[in-house]
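Trainee: Below: sequence and its predicted model.
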Amino acid sequence: MLTTDQKGTLAEQAIVLEALKFGAGVFQPLGDERYDLILDLRPKLLRVQCKWAVFRQGVVFVPTRRCRRGPDGFIHRGYELGEIDTIAAYCADLDRCYLLPLDMSVGRALVQLRVDPAKNNQSLRVNWARDFEFGATLTKLQGPIAQLGERRDGIAKAAGSSPAGSTHGAA
């Protein structure tokens, strides 16, 4: 069985790999910060807190607060605006990474992401896991990509493209 520290390290490394797959720059803070990573989405930077998520009964449970041992027992503290920009979670049971927007990352204790349909067929106000998979959320956060193209006369111009790199040969 893994310790809490081991789970945190594995989650962080899985999230780093996932971010790199999608072309994000990844940096680690040197000081004691509330976030574990910084993602460079060019030009935006995101402060990311990494979490280990658990899959039970068709739902991914993502803790959205910090828990540490103090002199009088465990101390639970949520994240506040200005401390982080997002929570990224790794669920080893599904081998998937999730990226939560700011409004789901602060002021809460737990986020539930549903993988399987509810037994009572509820569909309103359900956070579907597929909508928060790392790539889906990262694409929303990045927005349109400005890419530097070149005109035939050699003058550089900005050109939007989707996917990035699809402007080859365009004049």
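Mentor: Perfect, I can see it now. Numbering: from 1, shown residues only.

Trainee: So which elements touch the longest helix along the chain?
Mentor: Secondary structure of the chain read by DSSP state H shows that its longest helix is helix 4-21. With contacts defined as 3 or more C-beta pairs under 8 Å, 6 or more residues apart in numbering; DSSP states H and E, the packing partners of helix 4-21 are strand 25-27, strand 37-40, strand 45-56, strand 86-91, strand 96-100, helix 134-142. Where you see a C-beta, it was placed from the backbone N, CA and C, and this is true even at glycine.

Trainee: ok, the shortest one: who's next to it in the sheet?
Mentor: Strand 25-27 has the following strand partners under DSSP bridges: strand 37-40 (antiparallel).

Trainee: Which positions in the strand it pairs with come out as buried?
Mentor: Of the residues in strand 37-40, those buried under the neighbour-count criterion (16 or more other C-beta atoms under 10 Å) are 37, 38, 39.

Trainee: and what of stretch 22-38?
Mentor: For stretch 22-38, the buried set under the neighbour-count rule, 16+ other C-beta under 10 Å, comprises 24, 35, 36, 37, 38.

Trainee: cool, stretch 2-14 as well?
Mentor: Applying a neighbour-count criterion of 16+ other C-beta under 10 Å, one finds 7, 8, 11, 12, 14 buried in stretch 2-14.

Trainee: Touching it from outside, list them.
Mentor: Residues from elsewhere that reach stretch 2-14 (C-beta atoms under 8 Å, 6 or more residues apart in numbering): 36, 37, 50, 51, 52, 53, 89, 90, 92, 97.

Trainee: picking up where we left off before, can I get the helices and strands packed on helix 4-21 in CSV including mean pLDDT and distance to residue 2?
Mentor: Formatted as CSV, the helices and strands packed on helix 4-21 follow (pLDDT from 0 to 100; distance: least, C-beta to C-beta, whole Å):
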stretch, mean pLDDT, distance to residue 2
strand 25-27, 96, 23
strand 37-40, 95, 20
strand 45-56, 96, 9
strand 86-91, 97, 12
strand 96-100, 97, 17
helix 134-142, 80, 21
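
Trainee: Let me have those in a markdown table, adding distance to residue 1 as columns.
Mentor: Formatted as a markdown table, the entries for the helices and strands packed on helix 4-21 read as follows, by distance: least, C-beta to C-beta, whole Å:
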| stretch | distance to residue 1 |
| --- | --- |
| strand 25-27 | 28 |
| strand 37-40 | 26 |
| strand 45-56 | 13 |
| strand 86-91 | 17 |
| strand 96-100 | 21 |
| helix 134-142 | 26 |
